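Chemist: Sequence first, predicted model second:
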Amino acid sequence: MPGGRLTQAERRQIALGLADSLPYAEIARRLDRPTSTITREVMRNGGPATYRADLAHRATERRARRRRQAAPRGGQALAQGHRRDAEAVREYEETLTTLFMQQGMSKMMARVLTCLFTADAGSRTASELVQRLQVSPASVSKAIASLESHGLVRREPGERRRERYLVDDDVWYQSTIDSARGMAKVAEIARQGVGILGRDTPAVARLENMARFSDFISESILRATVQAREVLYTKAETNSDGAPGLISDRG
């Protein structure tokens, strides 16, 4: 299987495959590439409806130039002081960003959330996000506002009156709880249609099935989320040799 970055010719083949409505797996098979590579390539360059090979290739070249300019002096290949491979970190960040985009987030929301999740502190200031992502303050501000509206990010006071934006276990827990409550709301609204559309009709049967399904999913998510928080909650701890580790905080 070939390695390295996608070539311009491969990007043209991806564009042709998308035009023919081929699934990512089939495009990947024809190029002898992992499906995840094709998925990530398409999602970070506008999605299947707007992907263009020439624009994607130029965007990749621009990202590569920014990385070279932002690389630490001396050509160090380590990241964030923890002996991490910088290239592997970047590849993982792109993978996580693609995942968030597939869940319905805009590209900038996904990039900001990834940037917060991969920070050891779990938080960054607006200026830190701007510098790391090489985007405008307005783009970061808009993404933060959207993430806050979904309960995925919260603010806390920082030094010199600079707010910090963070994700932590409580944020992710609360977001999941809110999602479960959203499913319960679907069930509630679906049942309102029963009295309006009349019983023993195909439409009402459909709405009742939706309500039962949504109730089941909501209750299952709530129960599993509470149990998971009690059993699987982990927090960082420093080992005796000074290296970071994980311990389980079992209630």
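Modeler: Sure, I can see it.
Chemist: pLDDT weak spots in the stretch 151-251 of the chain?
Modeler: 160, 233-251 (pLDDT under 70).
Chemist: rerun at 50
Modeler: The stretch 151-251 of the chain contains residues with pLDDT under 50 at 236, 238, 242-251.
Chemist: Please, where are all the strands along it?
Modeler: Chain-ordered strands for the stretch 151-251 of the chain, with DSSP state E, counting those that start in this stretch as the definition, fall at 154-156, 164-166, 234-238, 244-248.
Chemist: go on, the stretch 1-150 of the chain?
Modeler: Secondary structure of the stretch 1-150 of the chain (DSSP E, counting those that start in this stretch): strands located at 78-79, 84-85, 123-125.
Chemist: can you tell which of those strands is closest to residue 210?
Modeler: When the strands of the stretch 1-150 of the chain are compared for distance to residue 210 using Cβ to Cβ, the nearest one is strand 123-125, at 38.9 Å. The way it works is simple: take the backbone N, C-alpha and C, and place the C-beta from them, glycine included.
Chemist: who's in contact with the closest one?
Modeler: Identification of contacts with strand 123-125 by Cβ atoms under 8 Å, 6 or more residues apart in numbering yields 115, 116, 132, 156, 158, 162, 163, 164, 165, 166, 167.
Chemist: hmm, 6 Å instead?
Modeler: With contact meaning Cβ atoms under 6 Å, 6 or more residues apart in numbering, strand 123-125 is reached by 158, 162, 164, 166.
Chemist: can you check stretch 130-149 too?
Modeler: Stretch 130-149 is touched from outside by 66, 108, 109, 111, 112, 115, 126, 129, 153, 165, with contacts defined as Cβ under 6 Å, 6+ apart.
Chemist: Compare the residues you listed and tell me which is most surrounded.
Modeler: Of all those, the highest neighbour tally under other Cβ atoms under 10 Å goes to residue 112, namely 32 neighbours.
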